[in-house]
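> mind folding the following:
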Amino acid sequence: MISIGLIQLPHFYGKNSSRPPECYPLGLGYISNALTESNITHAGIDLWGPQYSEEQALEQIDFSQFNYLGISAYATQYKYLKKFSLLLKKKYPEKPIICGGPGPTFSYAVILKNTGVDVCVIGEGEIAIIDLLKNFNELEKAKGIAYLKNGQVVCNSDREPLKYLDSLNFPNRELFDLEKVILTANDVRAGSDMPALKKKPRRSADIIAGRGCPYQCNYCSKTFEGLRLRSIDNIIAEVIEIKNKYRINHLQFNDELVLVNRKRTLQLCEQLKKLDIAWSCQGRIDQVDQSILIAMKEAGCIQVGYGVESVSQSILDNMNKKIKAENIVPVIKMTKEVGIEPIIQYMYGYRGENDDTIAATVRFFKDIDHPYVGFTTTLIPGTNLYREGIQKGLIGDEENYMLRLDSGYNLNGTLINMTDFSDEEFLRNKRLLMMRVNHNYYKKRPFEYSKYIVKALKGKLSRYLKKVN
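Numbers count the residues shown, from 1 in each chain. Okay, the predicted model is just below:
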């Protein structure tokens, strides 16, 4: 009888800290259903919840009970994946290791050549995993996978994506401890400095309304090409089920983009309004207006994420963002006026960043009265930006680059600078940008300002102590 362990890796930041397990692994939940339907014995193995190091995982868990070991991984988990899979292979050399998810989808060659992984699943996994397990002794028969043969990477023909997402059963939320995820998410929000997260406790569950995104932003690593949508009825049936079964009062839509068009958004709002449940989602500046936002508010929406990324039209064009800079502030203010909290997603250091664009960023955050948020631009596998980085020599050895990717999309100890600033100027300008934006925000809030300064000083002290020790 075939058996497989489905392994969820932690998301470590460097050596000493980890992002807590605040979201449920829906992908593995869907894979679990596919295995059940094919009568394949399996179990979830959670390394994220207990925050196991690679060595602790091997000490605490008996992996010998499974014929196969399946690992889900992102590119930002590559360092952990490599060490963990090599330890697994050393202790259980007879156990085939399969890796799926965004990491192997875009970087299967790096993974196969440098880790203990035997086979990578590329793209969607529900059908691919069954095909793979049934043909493991004849890998050439399985579509949508990559593997090594005589030391060379072999990539089989692509598998057609699922046409109808409604054909999938709702993800198995018993595979891992959903209750722990719910409680952890509340703890994270309670301790956050971000206004969008400091809310009263809620029982939240992750859900997806579709796969993919119709836009082609150059910095975005999309797990699924194109766009496929679940029917509204199918989504609502899942909401009702998890609301009743797990006492859920908030939905976190994990789609790359939920607000894909006006008609669908209004249909979704009409049905969610009947369920008396709060929800949050990812939107776009150009996919909302006042009537849409009012409908969302009346249907229970409390937060919408906007991938603003920049307020300079030149950078937005470089990103292939397809939005007008002039519309950003009015839409964010409109969102606030309606009573929905806008979650701002922003980037610093994209190609074209200069003194003028930095000044525009300062004005933007002041206009919307918001503290600084933003990631330094990071080149993620699967993006046009990553391919550009390789072409321009910013990324030399891909494996070395991936080893330095961190869970927060930061390169550990190395700067990728795509601007005309020197590296010193690049870092100094970011520090000054953060200081100016936060000063504009906190000077109106003296008590919070004092807390912010204390926290900043503690951070400096902690970094100093790490250096001297």
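> contact partners of the host helix or strand of V362?
Per DSSP states H and E, V362 falls inside helix 355-368. Residues outside helix 355-368 that contact it (CB atoms under 8 Å, 6 or more residues apart in numbering) are 308, 310-312, 314-315, 328-329, 332-333, 336, 342, 344, 346, 348, 371-372, 429, 433, 436-437, 440-441. (C-beta placed from N, C-alpha, C; glycine too.)
> list buried residues within those residues.
308, 310-312, 314-315, 328-329, 332, 342, 344, 346, 348, 371-372, 429, 433, 436-437, 440-441 (16 or more other CB atoms under 10 Å).
> any idea how far S38 is from G101?
20 Å (CB to CB, to the nearest Å).
> now do N261
For N261 relative to G101 (CB to CB), the value is 28 Å.
> looking at those two, which is more packed in?
Under the neighbour definition other CB atoms under 10 Å, N261 and G101 were set side by side, and G101 has more, 25 against 11.
> per-residue pLDDT of the more buried one, please?
At G101, the pLDDT value in this model is 96.
> let me see the contact set for it.
Contacts of G101 by CB under 8 Å, 6+ apart are 27, 72-74, 125, 223.
> can you pull the contacts of I2?
Counted by CB under 8 Å, 6+ apart, I2 has contacts 40-41, 67-68, 133.
> ok, back up a step: distance from the helix holding V362 to the middle of the chain?
Computed by CA atoms, centre = their mean, to the nearest Å, the chain-centroid distance of helix 355-368 equals 26 Å.
> and R247, what does it touch?
R203.
> for W48, see how far away it is.
Distance from R247 to W48, by CB to CB: 23 Å.
> check I292 too.
Applying CB to CB to I292 and W48 gives a distance of 36 Å.
> quick one on the thing from earlier: where neighbours are concerned, which of the contacts of G101 has the most?
That'd be A73 among those, by other CB under 10 Å, with 27 neighbours.
> quick one, grab the pLDDT at it.
pLDDT, read off for A73, is 96.
> and K199, by the same measure?
Looking at K199, its pLDDT reads 56.
> what helix or strand is the spatially closest residue to L403 that is not a sequence neighbour on?
Using CB to CB, 6 or more residues apart in numbering and skipping residues adjacent in sequence, the residue nearest L403 is K79, 5.1 Å away. K79 is located in helix 78-91, with elements delineated by DSSP H and E.
> that helix - contacts with which helices or strands?
helix 54-60, strand 68-72, strand 97-100, helix 102-114, helix 398-403 (3 or more CB pairs under 8 Å, 6 or more residues apart in numbering; DSSP states H and E).
> pLDDT of that helix, averaged?
Per-residue scores along helix 78-91 average to 97.
> on that earlier part again, restricted to strands, list the buried ones among the contacts of helix 355-368.
Among those, the ones falling in strands (DSSP state E) are 308, 342, 344, 346, 348.
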